[in-house]
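Novice: Next input, structure requested:
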Amino acid sequence: MGSQVSTGSAGQSRQVLDAIRRIVQILRESSREAEKRGLSGPQLFVLRTLAESPGLSLTELAERTRTHQSSVSVVVSRLVDQRLVERTQAATDARRMQLQLSAEGVSRIRTAPQTAQERLVAAVDALPRVTRARLASVLDALVRELDLGGKHPEMFFQESARRARRARLADA
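Specialist: Okay, the predicted model is just below:
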């Protein structure tokens, strides 16, 4: 017997919340899988994006990950600190910095599964333009209703991964 969705207001609200729960759940599970590899979900997402398109600038990487440049910059800085990503000057333009995986970065993602972020970006991009615009408008209205405006959001589970790492260090 399949589940029935009530057409009333409460049923519609539950349908919306269930959809959000499913998305958050897959993002959380993907983040946990990345952490088994010693990375955060956002770090794995950035590494896989750079593996597909080596030599991106930070701006181009932000566009590919559908993330604000300031948010992806934080993730890239950590990956550079871990020697998983290298910044190099572009051969054609000395003002442009390119990002690419180091040998260790390539090694770390060699068997990594597709991230939930990659799946989410692909799914949103696959929606018809009109549907995407309507979804963007509805989600913006929800964000306003929740009073969540302000600074640019971090990448999915970027902060929780940071907290988990601090907790592990504190336990050591």
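
Novice: Lys12: how many residues sit nearby?
Specialist: That one is not Lys; residue 12 is Gln. Using other C-beta atoms under 10 Å, the number of residues around Gln12 comes to 12. Bear in mind the C-beta positions are built from the backbone N, C-alpha and C, glycine included.

Novice: and it, how far is that from Asp18?
Specialist: Distance, Gln12 to Asp18, by C-beta to C-beta, to the nearest Å: 11 Å.

Novice: Can you read off the pLDDT for Val121?
Specialist: Per-residue pLDDT puts Val121 at 91.

Novice: mean confidence for stretch 37-51?
Specialist: Mean pLDDT, stretch 37-51: 91.

Novice: Name the residues that touch that stretch?
Specialist: 27, 30-31, 34-35, 56, 61, 64-65, 72, 75-76, 78-79, 84-85, 99-101, 105-106, 108-109, 112, 114-118, 154-158, 161-162, 165 (C-beta atoms under 8 Å, 6 or more residues apart in numbering).

Novice: And stretch 63-79, by the same measure?
Specialist: Residues from elsewhere that reach stretch 63-79, judged by C-beta under 8 Å, 6+ apart: 40, 42-43, 45-47, 49, 53, 56, 58-59, 61-62, 85, 99, 105, 117, 121, 124, 152-155, 158.

Novice: what comes up buried for it?
Specialist: Neighbour counts over stretch 63-79 (16 or more other C-beta atoms under 10 Å) mark Arg64, Thr65, Thr67, Gln69, Ser71, Val72, Val75, Val76, Arg78, Leu79 as buried.

Novice: State the distance from the first one to Ala10.
Specialist: Using C-beta to C-beta, one obtains 39 Å as the distance from Arg64 to Ala10.

Novice: and if you look at Gln69?
Specialist: Here the distance between Gln69 and Ala10 works out to 40 Å (C-beta to C-beta).

Novice: what's the first-to-last distance across stretch 141-155?
Specialist: Using C-alpha to C-alpha, to the nearest Å, one end of stretch 141-155 lies 20 Å from the other.

Novice: average pLDDT for that stretch?
Specialist: On average, stretch 141-155 scores 80.

Novice: Likewise for stretch 11-27?
Specialist: The pLDDT scores in stretch 11-27 average 89.

Novice: quick one: it to chain centroid distance?
Specialist: 18 Å (C-alpha atoms, centre = their mean, to the nearest Å).

Novice: Name the helix or strand for Ile14, please.
Specialist: Heads up, residue 14 is Arg, not Ile. Assigned by DSSP states H and E, Arg14 belongs to helix 9-35.
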